[in-house]
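Peer 1: Next one to model:
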Amino acid sequence: MRIGELAARAGVSVRSLRYYEEQGLLASARSASGQRHYTEAHVERVTFLQRMYTAGLSSRTIAELLPCVDSPSEENADAALIRMAEERERLSEHIADLAHTRDALDVLMATNRAHRARLNSPATG
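Peer 2: Below you'll find the model as predicted:
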């Protein structure tokens, strides 16, 4: 199939597919005229890449994990597990940072509400 059909079937843009190729995440066969050609397996590959991006992984991290997918071996699996653990830790730290930011916003909102309540209450005196 050609690049437009792959994009449609995988639910991504043609631009995304070209980016995946630039990053070494996707490879196509080329016709004599230079047109990209893909197989059914490429649809699954792009879907997998999309899941990895959705999980917050970078192109570089995905590229580091692909040997485990493309050439399964104990060594590749061990390396992938280590890399996934690092990513999990990074995500956990990011979640903690986001929770801290949310808590700070809660304090600001409570302060704002208290201030507004004081402004709207009758003066005591």
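Peer 1: Disregarding residues adjacent in the polypeptide, which is nearest to residue 3?
Peer 2: Nearest residue to residue 3 in three dimensions, chain neighbours excluded: residue 36, at 4.8 Å (CB to CB, 6 or more residues apart in numbering). Where C-beta positions appear, they are placed from N, C-alpha and C, glycine not excepted.
Peer 1: now the strands for the chain?
Peer 2: 29-30, 36-37 (DSSP state E).
Peer 1: Please name the strands paired to the first one in the sheet, noting orientation.
Peer 2: Looking at strand 29-30 with DSSP bridges, its paired strands and their directions are strand 36-37 (antiparallel).
Peer 1: which of the strands of the chain sits most buried?
Peer 2: Each of these was scored by mean neighbour count; the highest is strand 36-37, a mean of 17, by mean count of other CB atoms under 10 Å.
Peer 1: So what sits opposite the residue nearest to residue 3 in the bridge?
Peer 2: Residue 36 has these beta-bridge partners by DSSP bridges: residue 30.
Peer 1: a markdown table please, covering the strands of the chain and showing mean pLDDT and distance to residue 44.
Peer 2: Converted to a markdown table, the strands of the chain look like this (pLDDT from 0 to 100; distance: least, CB to CB, whole Å):
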| stretch | mean pLDDT | distance to residue 44 |
| --- | --- | --- |
| strand 29-30 | 91 | 16 |
| strand 36-37 | 92 | 16 |
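Peer 1: I appreciate the help and will end here.
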